[in-house]
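Asker: predicted model follows, preceded by the sequence.
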Amino acid sequence: MSYKAVLHGIKDLIEVEKIAVFPYPTLPYGLKVMDRSEDYIIFFYDTNTNQVVHLFKDAEDYWFRDGFGNHTL
């Protein structure tokens, strides 16, 4: 798959006019979608399940940070 599938997943979930999109290279075809309040969702293509997956900010903070607040990805 490609970024095309990830972008389609973003358009299905949120209003694209009110966001900024940044690369998130630590995940396959990863994109970080941020709104004006700096909340964000990370979209990527899961090569194991062949589908677009998204993680909300709270999930990323919970699953991908060590006990010192550093990213583990």
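Answerer: Nice, I can see it. Numbers count the residues shown, from 1 in each chain.

Asker: and the residue nearest to Tyr3 when sequence neighbours are not counted, backbone torsions?
Answerer: Once flanking residues are discounted, Tyr3 sits nearest to Tyr29: 5.2 Å by CB to CB, 6 or more residues apart in numbering. C-betas here are computed from N, CA, C, even on glycine. Dihedral angles of Tyr29 (phi, psi; degrees, to the nearest 10) stand at phi 60, psi 30.

Asker: how about Val33?
Answerer: Main-chain torsions, Val33, degrees, to the nearest 10: phi -110, psi 120.

Asker: and the residue nearest the centre of this structure?
Answerer: Taking CA atoms, centre = their mean, the centroid of the chain lies closest to Ile42, which sits 1.0 Å from it.

Asker: what's whichever strand or helix holds that residue packed up against?
Answerer: Using DSSP states H and E, Ile42 falls within strand 40-46. Using 3 or more CB pairs under 8 Å, 6 or more residues apart in numbering; DSSP states H and E, the elements in contact with strand 40-46 are helix 3-13, strand 31-35, strand 51-56, helix 57-63.

Asker: roughly how far does Leu27 sit from Lys18?
Answerer: Using CB to CB, to the nearest Å, Leu27 is found at 23 Å from Lys18.

Asker: which of those two has more neighbours?
Answerer: Neighbour tally, Leu27 and Lys18, criterion other CB atoms under 10 Å: the higher count belongs to Leu27, 19 against 8.

Asker: count of neighbours near Val33?
Answerer: Using other CB under 10 Å, the number of residues around Val33 comes to 21.

Asker: again but with Tyr24, I slipped
Answerer: Tyr24 has 20 neighbours, counted by other CB under 10 Å.

Asker: surely it meets Phe44?
Answerer: Yes: counting by CB atoms under 8 Å, Phe44 is a contact partner of Tyr24 at 6.9 Å.

Asker: show me whatever sits in contact with both of these two.
Answerer: Jointly contacting Tyr24 and Phe44 under the rule CB atoms under 8 Å, 6 or more residues apart in numbering are 30-31.
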